[in-house]
Structures are given as C-alpha cells and as structure tokens.
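> quick one, what's the 3D model for this:
(chains A and B)
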Amino acid sequence: MSLKAGTKLEKVLAAGEFALTAEVGPPRGPDAEVVLKKAEILKGLADGYNVTDNQTAVVRMSSIAGSKLLLDAGLEPVAQMTCRDRNRIAMQSDLLGAAALGLKNILAISGDHQSAGGSGKLKGHPGAKGVFDVDSIQLLSILKGMRDEGVQAGGDSLSSKPAFFIGAAWTPLGPPIEFRVLRLAKKVAAGADFIQTQAVYDVKAFAEQLAKAVDMGLTKKTAILPGIIVPRSAGMLRYMHNNVPGVTVPDQLIARMTDAADPAAEGLKVTVELIEQVRELTGVKGVHLQAIEAEELLPDIIKQAGLSPRPEV
Amino acid sequence: MITAEWKPIEEMVGYLRGHKKVLLVGCATCVAECAAGGEREVETLAPLLAMAMQNDGNPIEITTATLERQCEPEFVATIADRAAAADAIVSISCGIGMQLMADTHADTPLYPGVNTTSLSIREEPGLWTSRCAACGDCVLGVTFGLCPVARCAKSLMNGPCGGTRENGMCEINEDTPCIWRLIVERATARGQVESLVEVKPPKDWSNSPAGGPKRMLREDLRS
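This next block holds a predicted model:
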C-alpha cells in the first residue's frame, strides 16, 4: 500500500495496528517549556499528538508552532486547523508553511464559534469577526487538492505537492442524528484519511452510528478513532452531558463516578474500560485520548489499556 | 426588512454635547416595521433624548420628522429648511437613509440614533430573526429554502457542525434553531436528503460585502 504522507500514524493504521492519538493543548502564553514538558510526559506513548487550534476560541500558542515544538522533541504532531480564524488564502499559506516545517498530519475542523471564548471564566474575544470563509469539509477538499493535484483552491498550481495525512472530526451523536453518518460520508469523500470523534461515553449509541458507517463502506475508506476524554469527576461528566453538544453520558456512569471513593482513580478505570469497549467494535481503528490540561494522567491509562509500547512501523 | 435597534442614549448624548437645536428624523418603512425608527419611535425617543441632554447639563431644543422613505431623495429633500435650521441631525433610519440624509444636508452634522443590524423577518410579535446576509450568491435552491449563510453561526455549507444541542438548537444561542437541522428535516420530508450529501465547494464571496462596496449597474435603465 502506498502511503500518502508516511507519518507514524498513517503507518500504524496501514499496518493494521490499533492506533493511539493523544491531545496536547498549547499554553496561553509563549512558553515553549510548557509544550516540551508535556512532550516529555507523552513521548513514545502515542502515534500522533493533536495540537489544538485556539480551542474554545481562546487565544493560545498557535497549533503550527506547538506542533513544530513537538516534532523537534521527537513526537509526531497532528496539527489542528479551524475555519474560524483564517480565510482560504491564510489557510493554504499556513498549510504550506506547516508542510515546510515537516508537519504532515493535519486535522480540519470548523472550530468553536468566537463567542465561546467568553462563555467561561475567561473574557475571550466575543467581539472578534469569525471568518468561516470555507467550512471544514471544504478545507478537507482543499487539503486533498493540494496533496493529490498540487493545486490551490483557486486553481493555481503549487511548486510541489505537500504530503498530508488528512484528518477530520465527527460528532456521531448530535442531532439530526440520521444525518450524522451522511456528514461523515461527505468528509470521507472530501478527503478525510482518518477521523477523530467527539467524546464517546455511550458506547452502545456510538456503536449504532458506527454500524451505519460500516454498512456504507466508510470504514474501509477512512480510519475511525473514537475520542475519549478522561473523566475526573461526576461533575465533569454531568457538565459535558448538559453543556457539550454531541456528548451523551449514561446515567449509570455518572452514578458510578458519584459513588467512587476516589473519583480520579475511578476515572482512569472508566477510561481504560471505554478503550477496551470501543476496541471491540467493527470499524474502530484506534482511539483518540484527551486529558484536558491533565496530560500527566495519560501514561498510566495507556499502559493499563495495554497500548504501550507502541508498534514499531 | 432591514432591522435596526436604538443605540444607548448615553452614546447619543455623547454625540450631541455642544449642539443646541437637534432634528430627530425617522423613516416610515423598514425601521418602522421593526419598531426602531418609525413615527412612534421618533415621538418616544425625542422626549427621552431631551431629558437625557437636560440631565447631562446640555439642554437642547428638539424637533422631529418622519419621512416616508429616508432612502429616497425626494422625501429627504422635503426637510431641507428644517435641516438647515438645526445644528445637528439624529437619524433613526437604517444606515442607507442616514447616509442619504448626511449627503443631502451636508452642512448639518448627522449622528446615528440606531445600529442597523440585519435583514430579518418579524417571526412573532416583538421577535425579529435573520433571513438573509446579502451574500450575492443565493443558495436557497439547494438548501430547501432555508439560508445557512445568514442563519448558521458559522455559515456552513455542508451540513451541521458538532454544536447542535440535543434539542436541535444552536450551541451559541439556545433560542436559535440549528438551521442545518431544519434543512435536513425539510429535505427528509421531501425524500431528498441524499441531495445534501454532495460536497458543496467553497463559496464565491466576491459578490457579498466581502468583495468590496457594491456597484450594481443596469445599462438598460440608464437612458
């Protein structure tokens, strides 16, 4: 099988191994050492490391800069790119720059609306002008066109073709539920080589949506990595269930975390169990682990889930 | 209709300090329909503005007028004498009417009393919601008559983002429906949901405000 970009993530998937990606959130400052500390904790534990792009519309170190720091530290990044802050000119320019720096895994997402940044404790920039010149599916098409045809979105040619392994996000459990698998099909048609999903806690509901993707043949064309966010308390799960669209948390899981004597330890156990459960599903090719601003939790989870060491490819 | 909403009175007071004779002008068209700049709003705002200026220590003499259409020169020309007699004009029409007023009576400074906000419909009494973004490249023919440019917070062209709430509303406003949910529902009801699976390419924004100031020329009407 010929590889599109030859990243470790792509090779692990091509080899039929169960892939593992982890999220690394960049700091709200210019502190390379914060990224490097996370890199030290996570090095060798995953096949790709997502560096978020101003998630929740809060200004952070850029995804491309954070990704380059990881790359230099020996971790293969998945640079995320949202459609909120750049038009198609800036996006393609940044993508060429990313490719020049050696960044090959790119995840295209719409991005949280700019109003999200001011909804929590931070002020954010709710008065910012959202760009949304193209949407995430159009960005996937642009990435694919740059890689496969060597052309820009406007039709001009590139001086050479950047090698990208192209990712997209999927919210399998959001309404309108019957359309979600069709939206996945659009992302696959547009160019998504791999998919990382919104956090899965309701494995049964996820399995039903995944089965539709399998029936449509989508899992033969793209690698689906369900997202798992490490739960740290019942309150966190309740918050996500009530406030994060597309995330449903079964009552019994919230009850279990409520009853736990040591919720943090229970959260690790829950995460390991979720990994084992989704791993059993036809069409799942790996997992995408997130321990938001608590990356130090990941090494134990990865070891306990039997996902360490990572395959040599 | 074009919708507008009153600016904070304090902002208007800030503009009017140092002026003595103010002409407050409304428009009986769109901004009257959205209860921001019609005759009723002119007559409501005038005493409020006078009182606010009095309290600010800068009393003004205020007169009022409501034009049939503040975006048509023949109506705007009718108040030339009153505009000349005033030392400031406050307009509560849309930004189009305001600029014609400012151009026509250029010797008298004009200040905005409203913010022009959207192209909306009156959905219920007291509720206006967006319908059009004047994007210059209408997509209603492929989105089942529901506009994702104006009514999706991210102007998405290929279906709903992950931010649709469990009840089908948009994550950024719990009272705004996810327009893509409505598009999918209408497509499904017509048995045409498959038509939404085709990937829509990046949109051409060059005929929208992003393309620069509009200049629409019709040679056939210029004889």
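
> flag every residue of chain B that's near chain A.
When proximity is defined as CB under 8 Å from any CB of the partner chain, chain B approaches chain A at B:153-168, B:171-172, B:178, B:180-181, B:184-185, B:188, B:193, B:196-197, B:199-203, B:205. Just so you know, the C-beta spots here come from the backbone N, C-alpha and C atoms, and that holds for glycine as well.

> and those, which are buried?
B:153-165, B:168, B:171-172, B:178, B:180-181, B:184-185, B:193, B:196, B:199-200, B:202-203, B:205 (16 or more other CB atoms under 10 Å in any protein chain shown).

> in helices, which of these appear?
Members of those lying in helices (criterion: DSSP state H): B:Trp180, B:Arg181, B:Val184, B:Glu185.

> residues in contact with stretch A:268-278?
By CB atoms under 8 Å, 6 or more residues apart in numbering or on different chains, the surrounding residues in contact with stretch A:268-278 are A:200-201, A:203, A:206, A:226, A:228, A:230-231, A:253, A:256-257, A:284, A:287, A:289, A:297, A:300-301, A:304-305, A:307.

> also stretch A:134-141?
Residues outside stretch A:134-141 that contact it (CB under 8 Å, 6+ apart) are A:81, A:83, A:87-88, A:91, A:108-110, A:142, A:153, A:166, A:168-169, A:186-187, A:190-192, B:154-159, B:161, B:199-203.

> what do you get if the cut-off is 6 Å, keeping everything else the same?
Surrounding stretch A:134-141, the residues in contact under the criterion CB atoms under 6 Å, 6 or more residues apart in numbering or on different chains are A:83, A:88, A:108-110, A:168, A:186-187, A:190-192, B:156-158, B:199, B:202.

> among those, name the ones in strands.
A:Ala108, A:Ile109, A:Ala168 (DSSP state E).

> closest one of those residues to A:Gly25?
A:Ile109 (14.5 Å; CB to CB).

> hang on, the earlier thing: separate out the buried members of the contacts of stretch A:268-278.
Taking 16+ other CB under 10 Å as the criterion, what is buried in the contacts of stretch A:268-278 is A:200-201, A:203, A:206, A:226, A:228, A:230-231, A:253, A:256-257, A:284, A:287, A:289, A:297, A:301, A:305, A:307.

> could the ones in helices among the buried ones among the residues of chain B next to chain A be laid out in CSV, adding pLDDT and distance to A:Lys104?
Listed next are these as CSV, based on pLDDT from 0 to 100; distance: CB to CB, whole Å:
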residue, pLDDT, distance to A:Lys104
B:Trp180, 98, 31
B:Arg181, 98, 35
B:Val184, 98, 34
B:Glu185, 98, 39
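
> assign A:Met61 to helix, strand or coil.
Of the three states, A:Met61 takes coil according to DSSP: H, G, I helix; E, B strand; the rest coil.

> just give the nearest non-adjacent residue to it, would you?
Nearest residue to A:Met61 in three dimensions, chain neighbours excluded: A:Pro26, at 3.8 Å (CB to CB, 6 or more residues apart in numbering or on different chains).

> so who does the one you found touch?
A:Arg60, A:Met61, A:Gly66 are the contacts of A:Pro26 under CB under 6 Å, 6+ apart.

> and the first one, what's its pLDDT?
Going back to what we said before, that points to A:Arg60. On pLDDT, A:Arg60 comes in at 97.

> and it, how far from chain B?
In this view, A:Arg60 and chain B are 20 Å apart by CB to the nearest CB, to the nearest Å.

> and for that residue, the neighbour number?
Residues contacting A:Arg60 under the criterion other CB atoms under 10 Å in any protein chain shown number 18.

> quick check, it in contact with A:Pro30.
No: A:Arg60 sits out of contact with A:Pro30 when judged by CB atoms under 6 Å, with a separation of 10.3 Å.

> remind me, longest helix of chain B?
helix B:39-55.

> how many residues are close by the residue in the stretch 1-150 of chain A that chain B sits nearest to?
Ranking the residues of the stretch 1-150 of chain A by distance to chain B (CB to the nearest CB) places A:Ile137 first, at 4.0 Å. By the criterion of other CB under 10 Å, A:Ile137 has 27 neighbours.

> for A:Lys4, same thing?
Neighbours of A:Lys4 under the rule other CB under 10 Å: 18.

> distance-wise, check the closest residue to it other than its chain neighbours relative to A:Glu266.
The spatial neighbour of A:Lys4 that comes closest, neighbours along the chain excluded (CB to CB, 6+ apart), is A:Phe165 at 5.7 Å. Noted for A:Phe165: a distance of 35 Å to A:Glu266, by CB to CB, to the nearest Å.

> neighbour count: the two, which is higher?
Legend: neighbour count by other CB under 10 Å for A:Phe165 and A:Glu266, higher for A:Phe165 (26 against 19).

> isn't that one up against A:Gly6?
No: between A:Phe165 and A:Gly6 there is no contact under CB under 6 Å: 8.1 Å.

> taking the stretch 51-200 of chain A, what residue is nearest to chain B?
Closest to chain B within the stretch 51-200 of chain A is A:Thr171: 3.4 Å, counting by CB to the nearest CB.

> please parse chain B into its domains.
When chain B is parsed with automatic domain parsing, its domains come out as B:2-117, B:138-200.

> which among those domains is found nearest to A:Asn242?
When the domains of chain B are compared by CB to CB, domain B:138-200 sits nearest A:Asn242, at 9.1 Å.

> that closest one spans what distance, first to last residue?
Domain B:138-200 has an end-to-end distance of 13 Å (CA to CA, to the nearest Å).

> ok, now stretch A:281-297?
Using CA to CA, the end-to-end distance of stretch A:281-297 comes out at 25 Å.

> could you do stretch A:56-67 as well?
Terminal residues of stretch A:56-67 lie 18 Å apart, using CA to CA.

> for it, buried residues please.
If you call a residue buried by 16+ other CB under 10 Å, then stretch A:56-67 has these buried ones: A:Thr56, A:Ala57, A:Val58, A:Arg60, A:Met61, A:Ser62, A:Ser63, A:Ile64, A:Ala65, A:Gly66, A:Ser67.

> can you redo those as TSV with distance to A:Gln196?
Shown next, in TSV, are those (distance: CB to CB, whole Å):
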residue	distance to A:Gln196
A:Thr56	17
A:Ala57	19
A:Val58	20
A:Arg60	19
A:Met61	21
A:Ser62	20
A:Ser63	14
A:Ile64	18
A:Ala65	21
A:Gly66	17
A:Ser67	15
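
> show me which of these is closest to A:Ser159.
A:Ile64 (19.8 Å).

> how far away from the center of its chain is the strand or helix carrying that closest one?
Using DSSP states H and E, A:Ile64 sits in helix A:63-72. For helix A:63-72, the separation from the chain centroid amounts to 16 Å (computed by CA atoms, centre = their mean, to the nearest Å).

> ok, now stretch A:31-44?
Stretch A:31-44 sits 18 Å away from the centroid of its parent chain (CA atoms, centre = their mean).

> which residues does stretch B:108-120 contact?
Contact partners of stretch B:108-120, identified using CB under 6 Å, 6+ apart, comprise B:3-7, B:12, B:15, B:36-37, B:83, B:86, B:88-92, B:94-95, B:98, B:101-102, B:128-132.

> show me what contacts A:Ala264?
A:Arg232.

> assign a three-state SS to it, would you?
helix.
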